[in-house]
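**Q** Give me coordinates for this.
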Amino acid sequence: MAHRIGDIARALGAEAEGDLDLVVTGAAEPQAAGPDQLALAMDPRYADGISRGQARAAVVWPGADWRAMGLKAAIFAPRGRLAMAGLTRLMDPGPDIAPGVHPTAVVDPTAEIGAGASIGPFVVIGAGVRIGPGARIASHVSIAEGARIGADPLVLQGARIGARVTIGDRFICQPGAVIGADGFSFVTPEKSGVEEIRETLGSRAEIKVQTWTRIHSLGAVTIGDDVEIGANVCIDRGTIRDTQIGSGTKLDNLVHVGHNVQIGRDCLLCGQVGIAGSARIGDRVVLAGQCGVNDNIFVGDDVIAGGATKIFTNAPAGRVLLGYPAVKMESHVEMQKALRRLPRLAARVAALEKDAPTAAETEE
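**A** Now for the predicted structure:
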C-alpha cells in the first residue's frame, strides 16, 4: 500500500518538510531501506545508516539536518516509539480473512454474528454465542457455547475461547491462546502435604499417601475492552466467580493467568509471566518476563516488577520490585553489590584468622 509523506505526517500528528508528495510503500531500518521505503531513524544514532541505505524519506528526530543526509523529505518524531505505533498501525494491512462466513465454518443456528463479519475456514462457533459487528476470525478458531464477544474483534488462528466467556470491544487474540479452560484446582480428603508445609514453612510430621479430588470450575472469564492476548496465553476460568481481565490490559506470549485471578486496567504482562489462583493485580501494573505472582496476594496499582521477579507477599501501590523473593529494586541492587564483595570479604576474614593468635597463645 502506497502512502504520501504528507498523509503519513498528518496521521501521526507530526511535522514534515521537503517533498510531501513523495510516495513510499513501506518502512525499513535506515541501512536496509530502498528508494520506495520510509527509513526509521528517530535517534541520532541511526543517522549513519541512512547514508548506507537508499531511502529518499525518513522519520527523524526533531532538529535533524535531513538535507545533509541526502533525503528529499523528513517527518519529525519527538517521541520515536509513539511515532512507531502510529506508523505501524497505518501500514499494517492485517490478516487476509475473506469477508463473510467460509463454507467450511460450522456456526450453530442459535449463534448471533454481527454485520460485516469475516469468518475463516474450519471455525467452530457454538450454541448461543453472540459476536458483535466487524468480527475477523481466522481459521481453526473455536468459540464455545454461550460466549459473548464485542465489536471489532480479531481472533487469530487456532485460538480457543471457552464456554460463557465474556469479552469486550476491539479484542485482539494471537494464535493458539486458550481463554476459559478449567482452573487447576484439587483437594485431598485429609490435610495435604502442601497445606502442612504452608503452615510450618517446610517441616512435615508425617508423609502420607494422598489422592487428589477435582474441584470443578463453575465460573468463566470476563475480559474488558481493548485487551490484547498473546500467542499461547492460557487464562483459566474461575471456580465460582469469573477470572477477570480489565480494559486496556495487554498479555504477551505464554502468559498464564490462574483461576479467580483479577487483573486491573492497562496492565502489561510480559512473556512467561505466571499468576497463581485468586491473586489480585491492580491497575497499570507492569510485570516483566518470567515474573511470578503467588496465589491469594494483592499487587497494588502502578507496581513495576523487573524480569524474573517472584512476588510472594502483598506489594503496595507504586512499588518497584526485583529479585527472588521480590524486594525493592534499590535493595536488590545493594544486595547484589554485597554478594559480589563476598569473595574478597571471605579472603580478608581468612587472612585475619590466619594472623590472629590462637587460644593457647592468648593464655600464655
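
**Q** Tell me the helices and strands packed up against the lengthiest helix in the chain.
**A** Ranked by residue count under DSSP state H, the longest helix found in the chain is helix 329-355. With contacts defined as 3 or more CB pairs under 8 Å, 6 or more residues apart in numbering; DSSP states H and E, the secondary structure elements packing on helix 329-355 are strand 320-322. Every residue, glycine included, has its C-beta placed from N, CA and C.

**Q** How about residues contacting the strand it packs on?
**A** With CB atoms under 8 Å, 6 or more residues apart in numbering as the contact definition, strand 320-322 has outside contacts at 303, 304, 305, 306, 309, 311, 315, 327, 328, 329, 332, 333.

**Q** Ok, stretch 65-73 next?
**A** Taking contacts as CB under 8 Å, 6+ apart, the residues outside stretch 65-73 that touch it are 5, 16-20, 22, 47, 50-51, 55-58, 60, 74.

**Q** cool, stretch 99-118 as well?
**A** Outside stretch 99-118, the residues touching it (CB under 8 Å, 6+ apart) are 97-98, 119-137, 139, 145, 151.

**Q** and that stretch, how far from the chain's centre?
**A** Chain-centre distance of stretch 99-118: 29 Å, with CA atoms, centre = their mean, to the nearest Å.

**Q** Any idea how far apart the tips of it sit?
**A** Across its full length, stretch 99-118 reaches 4 Å end to end, with CA to CA, to the nearest Å as the criterion.

**Q** Mind listing what's buried along that stretch?
**A** 101, 102, 105, 107, 111, 113, 114, 117, 118 (16 or more other CB atoms under 10 Å).

**Q** Who are the contact partners of residue 148?
**A** Taking CB under 8 Å, 6+ apart, we find residue 148 in contact with 129, 130, 165, 166, 167.

**Q** can you rerun that using 6 Å?
**A** 130, 166 (CB atoms under 6 Å, 6 or more residues apart in numbering).

**Q** Residue 85 too?
**A** Listed by CB under 6 Å, 6+ apart, residue 85 has no contact partners.

**Q** Tabulate the buried residues of stretch 99-118 (CSV), appending pLDDT and distance to residue 222.
**A** Formatted as CSV, the buried residues of stretch 99-118 follow (pLDDT from 0 to 100; distance: CB to CB, whole Å):
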residue, pLDDT, distance to residue 222
101, 97, 27
102, 98, 29
105, 98, 26
107, 98, 24
111, 98, 20
113, 98, 21
114, 98, 20
117, 97, 23
118, 98, 25
